[in-house]
Structures are given as C-alpha cells and as structure tokens.
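Asks: One predicted model, sequence on top.
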Amino acid sequence: MAKKVTKILKLQIPGGKAVPGQALGPVLGGAGIQIGEFVKRFNDETKDRVGEIVPTVVEIYEDRSYHMTYKTEPASNLILKVLGQEKGSGKPNSAKIGSITKAQVKQIAEKKMPDLNANDIDGAMKIISGTARSMGVDIKG
C-alpha cells in the first residue's frame, strides 16, 4: 500500500550548501523532519549543483519519512547568470539591465523545459521571454 502524504514543502536552497539555520530549521522541524539528516542528504545529493539555487519539493509521509524531488534552477537566475548581473531591474519598463539573444532564450528554455508548463520549445521560449521582460531584460533578434 502506498504511503499517505501528509505535507508538501517547497523550498529553494543553495545547492550543496544547506545549513541547519534560520531558513530551514523551523520549516523542517515543524514538519517533523530531522534537520541534520535532511541537510546531510541534501548536500550529498546536490554537491554537483554548487553555486545554483535548487528548488526542492519535499513530500512528507505519515511515518515522517520523506521524498525529495529536485527541479531546475529558476529561470530568473539563469537569465541573470547569462547577463552577469546580481538582480533584475526595479523598474523593468524604464530601466533595463541588459539584453539577451533569442538563441540564449532558447538555450535557457531547453534547460528549463522539464519544469515548465509548455508543450514545445516555442511555448517554453515565450515563458522565458516573459520572465526576462519582467526583469528589465530586452530580447534581441
């Protein structure tokens, strides 16, 4: 018989660098997960993704066991990495932070495709383009 899920947590944690501190402690403790064990397992499983934010979905079962699913890095972070910027524009319509090409948009869309709600690469590119525009990034050619 399948285990019953009692809680689902959606977390964004730096890959390979989770620490049992302010951000994770209360969330995991409230869900009944041993924080030290979670941090060790997360860091071991994401050591190849150091330097990126890893969106993680944690399904917690009745017996307090859990299953972690890792997603691809957020589209906004991928766009900022391409541009070499720290953050997006506070006024995206008037203050632009840079521009990316359609080829770069396609590259990001291909990497993000498993986590996007798109039927094909063109739909994924539209989603990434919208994210870029909302950050103050122009799309060229």
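Replies: In hand now; what should we look at?

Asks: quick one: contacts for Ala75?
Replies: By Cβ atoms under 8 Å, 6 or more residues apart in numbering, Ala75 lies in contact with 108, 112, 127-128, 131. Yep, even glycine has a C-beta here, placed from its N, CA and C like the rest.

Asks: Let's see which of the residues you listed end up in strands.
Replies: Per DSSP state E, strands hold no members of those.

Asks: Would you mind giving these as a markdown table with neighbour count and distance to Ile8 added?
Replies: Formatted as a markdown table, the contacts of Ala75 follow (neighbours: other Cβ atoms under 10 Å; distance: Cβ to Cβ, whole Å):
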| residue | neighbour count | distance to Ile8 |
| --- | --- | --- |
| Ile108 | 25 | 27 |
| Lys112 | 21 | 21 |
| Ile127 | 18 | 23 |
| Ile128 | 28 | 26 |
| Thr131 | 19 | 24 |
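
Asks: which strands and helices sit next to the helix ranked longest in the chain?
Replies: Counting by DSSP state H, the longest helix found in the chain is helix 121-134. Applying 3 or more Cβ pairs under 8 Å, 6 or more residues apart in numbering; DSSP states H and E, one finds that helix 121-134 contacts helix 75-83, helix 102-112, strand 137-140.
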